[in-house]
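Chemist: coords please:
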Amino acid sequence: MAEIKPRGDVDWEKAKIALEAIQKLNPAFTLDNSIIGGAAAWFYKSLLQKENDPDFPCPNYSGDEEKVWLSRDLDFIGTRRDKLAEELQTQAEGDPAVVVIAGVWVDTPNEGLFLTSDRAAKTALEIRNPSTQSTFKVASPTLLYREKKELLQHKELKDRPQDRLHLGALERAAKLVLCKLAEESSPNEKQPRLLFKLLKEAQEIAPEIIEDQQVLRRLARQLDRIGKDPNSKALFHLLQKQILTKWEK
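Modeler: Predicted structure coming up:
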């Protein structure tokens with residue numbers, strides 16, 4: 001029986017190293033699968049810190065709370081667990097078998113209470129690493145927020161302290177992503193479509209995200225510019241006819 005490597009603490013920097021190793025093994029994997037779980041929460045926490053947005057700052061955490069953030073693995077959604085080793089062109093280790101890449105446990109857990117592979121694929125953010133030019137996908141912060149909210153509402157489940165910390169950061173990240181996409185002065189063809197999908201997602205599963213007056217104020221500021229973009233007609237009508245009707249001017 002092979003010895004299973006221990007699951008160490010995994011922060012976003014360790015996750016990025018594992019991501020780069022995965023992309024060398026199978027470049028398509030991180031586009032066919034979306035990062036979820038603790039690693040995704042780490043990503044959005046890092047995004048909040050990087051953007052340092054005055055409306056949606058990263059929450060302040062104590063030293064003990066920072067430790068709670070640490071993941072134990074790098075989770076994806078999309079590939080079935082029994083196909084993971086094959087997709088990553090590697091061998092599973094130990095009994096039960098696990099896949100370890102760059103010292104990090106890599107897993108594709110079952111679909112969550114609310115999070116599904118289909119939902120994740122529709123609204124995942126596509127991220128380019130500027131240092132390597134490699135691309136990976138992260139499930140949308142709104143979808144991850146809704147999954148965490150669902151987890152916390154199920155009293156029969158084990159109460160994990162990281163869930164409440166993740167929830168607050170994911171809520172802010174969901175609002176930040178919507179605003180930043182809307183404020184992109186020279187959007188590419190994909191960005192208006194993604195913003196449209198993210199707004200529809202929030203309407204369906206987390207309306208509180210787009211009822212935030214700071215979000216609505218910043219979206220409203222961009223309405224005229226969006227209306228002039230021929231690639232943003234559907235987005236413009238969604239904002240004008242549905243989303244911004246809740247803005248308290």
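Chemist: tally of neighbours for Pro187?
Modeler: 20 (other Cβ atoms under 10 Å). The C-beta positions use only the backbone N, C-alpha and C, and glycine is treated the same way.
Chemist: ah, wrong one, I meant Glu248
Modeler: Glu248: 6 neighbours (other Cβ under 10 Å).
Chemist: so where do the helices sit in the protein?
Modeler: 12-25, 29-32, 37-51, 63-68, 84-87, 117-123, 141-153, 161-182, 190-205, 213-221, 223-227, 233-238 (DSSP state H).
Chemist: as JSON lines, those with distance to Val104, mean neighbour count and mean pLDDT would be great.
Modeler: Below are these laid out as JSON lines (distance: least, Cβ to Cβ, whole Å; neighbours: other Cβ atoms under 10 Å; pLDDT from 0 to 100):
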{"stretch": "helix 12-25", "distance to Val104": "4", "mean neighbour count": "18", "mean pLDDT": "92"}
{"stretch": "helix 29-32", "distance to Val104": "14", "mean neighbour count": "18", "mean pLDDT": "94"}
{"stretch": "helix 37-51", "distance to Val104": "9", "mean neighbour count": "21", "mean pLDDT": "95"}
{"stretch": "helix 63-68", "distance to Val104": "18", "mean neighbour count": "11", "mean pLDDT": "88"}
{"stretch": "helix 84-87", "distance to Val104": "13", "mean neighbour count": "17", "mean pLDDT": "93"}
{"stretch": "helix 117-123", "distance to Val104": "20", "mean neighbour count": "18", "mean pLDDT": "95"}
{"stretch": "helix 141-153", "distance to Val104": "19", "mean neighbour count": "23", "mean pLDDT": "93"}
{"stretch": "helix 161-182", "distance to Val104": "17", "mean neighbour count": "21", "mean pLDDT": "95"}
{"stretch": "helix 190-205", "distance to Val104": "28", "mean neighbour count": "18", "mean pLDDT": "97"}
{"stretch": "helix 213-221", "distance to Val104": "34", "mean neighbour count": "17", "mean pLDDT": "97"}
{"stretch": "helix 223-227", "distance to Val104": "40", "mean neighbour count": "15", "mean pLDDT": "96"}
{"stretch": "helix 233-238", "distance to Val104": "38", "mean neighbour count": "16", "mean pLDDT": "97"}
